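> Fold the following, please.
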Amino acid sequence: MSEGDSVGESIHGKPSVVAAFFTGVGTVYQTWLDKSTPFYVVRWALTLLLTAIYMIRVYILQGWYIVTYALGIYHLNLFIAFLSPKVDPSLLDEDEGPSLPTKQNEEFRPFIRRLPEFKFWHSATKGIVIAMICTFFDAFNVPVFWPILVMYFIMLFCITMKRQIKHMIKYRYLPFTHGKRTYKEET
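Residues are numbered from 1 along each chain as shown. Purely as a prediction, here's the structure:
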């Protein structure tokens, strides 16, 4: 490799100003993400506030319904991944890999999500920010009859959730901690 061929390096072998800037911005961004990890209520409250701002913007502008529909489909996919186990029990054979307990005397295995809560929040928030940015460009304001999109989204949501709930019942897993049996530590 000749001098200056690697990405982000100038001719003299030092990082370029642009690469150094984006590295610094990425470091600050990651630091704030790391600091926000334990505060899930605050994170989700800010995401809901951002969603409300986005919805108000779409309502006032009376447009960008396709962007909103795409955002809804994206959030639905994230939610399904959040509810699904990391290892799908329907794809496993009886003797292959870990499985969820199906009988009372089987060993307890914790529910591991395909999409963890933090990644769900981060992806959902990024989606809202990108959708908000799209509302500043008229190229994304495609004229559509929005009630059809709403009906189609409701239908898609119901069908998808029905399938997910059937899967949860069939393989006996509950992706939430509320309602699960807990054991108190004896001291």
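
> Quick check: the gap between the spatially closest residue to Phe153 that is not a sequence neighbour and Ile66.
Distances taken as Cβ to Cβ, 6 or more residues apart in numbering place Gly72 nearest to Phe153, at 5.3 Å, with adjacent residues excluded. (Each C-beta comes from the backbone N, C-alpha and C, glycine too.) Plainly put, Gly72 is 11 Å away from Ile66 if you go by Cβ to Cβ, to the nearest Å.

> and what of Ala81?
Ala81 sits at a distance of 23 Å from Ile66 (criterion: Cβ to Cβ).

> Give me the contact list for the longest helix anywhere in the chain.
Longest helix in the chain by number of residues (criterion: DSSP state H): helix 146-170. With contact meaning Cβ atoms under 8 Å, 6 or more residues apart in numbering, helix 146-170 is reached by 65-66, 68-69, 72-73, 76, 80, 83-84, 90, 174-175.

> Equivalent analysis for stretch 53-68, please.
The contact list for stretch 53-68, computed with Cβ under 8 Å, 6+ apart, reads 71, 128, 131-132, 134-135, 140-144, 146, 149.

> tell me the contacts of the most centrally placed residue in the chain?
What sits nearest the mean C-alpha location of the chain, by Cα atoms, centre = their mean, is Phe120, with 2.9 Å. Contact partners of Phe120, counting by Cβ under 8 Å, 6+ apart, are 78-79, 81-82.

> farthest pair in these?
Spanning the widest gap among these are Phe79 and Ala81, at 7.3 Å by Cβ to Cβ.

> Look up how far Asp138 lies from the residue nearest to Phe153.
Gly72 is 21 Å from Asp138, where distance means Cβ to Cβ.

> ok, now Ser16?
34 Å.

> And for Phe82?
Between Phe82 and Asp138 the computed distance is 34 Å (Cβ to Cβ).

> Looking at those two now, which is surrounded by more residues?
Per other Cβ atoms under 10 Å, whichever of Phe82 and Asp138 has more neighbours is Phe82, with 18 against 9.

> any idea which element that one lies in?
With elements taken from DSSP states H and E, the one containing Phe82 is helix 65-83.

> how about the helix or strand just after that helix as PDB, C-alpha atoms only?
In the C-terminal direction, the helix or strand that comes right after helix 65-83 (DSSP H and E) is helix 117-134. Output in PDB follows, covering the C-alpha atoms of helix 117-134 (Å, rounded to 0.1, in the frame of the first residue of the first chain):
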ATOM      1  CA  GLU A 117     -34.100  -3.300  24.800                       C
ATOM      2  CA  PHE A 118     -31.200  -0.800  24.400                       C
ATOM      3  CA  LYS A 119     -30.800  -1.700  20.700                       C
ATOM      4  CA  PHE A 120     -34.600  -1.500  20.300                       C
ATOM      5  CA  TRP A 121     -34.600   2.000  21.800                       C
ATOM      6  CA  HIS A 122     -31.600   3.200  19.800                       C
ATOM      7  CA  SER A 123     -32.900   1.900  16.500                       C
ATOM      8  CA  ALA A 124     -36.400   3.300  17.100                       C
ATOM      9  CA  THR A 125     -35.000   6.700  18.000                       C
ATOM     10  CA  LYS A 126     -32.700   6.800  15.000                       C
ATOM     11  CA  GLY A 127     -35.700   5.900  12.800                       C
ATOM     12  CA  ILE A 128     -37.700   8.800  14.200                       C
ATOM     13  CA  VAL A 129     -34.700  11.200  13.700                       C
ATOM     14  CA  ILE A 130     -34.300  10.000  10.100                       C
ATOM     15  CA  ALA A 131     -38.100  10.400   9.500                       C
ATOM     16  CA  MET A 132     -37.900  13.900  11.000                       C
ATOM     17  CA  ILE A 133     -35.100  14.800   8.600                       C
ATOM     18  CA  CYS A 134     -37.100  13.400   5.700                       C
END
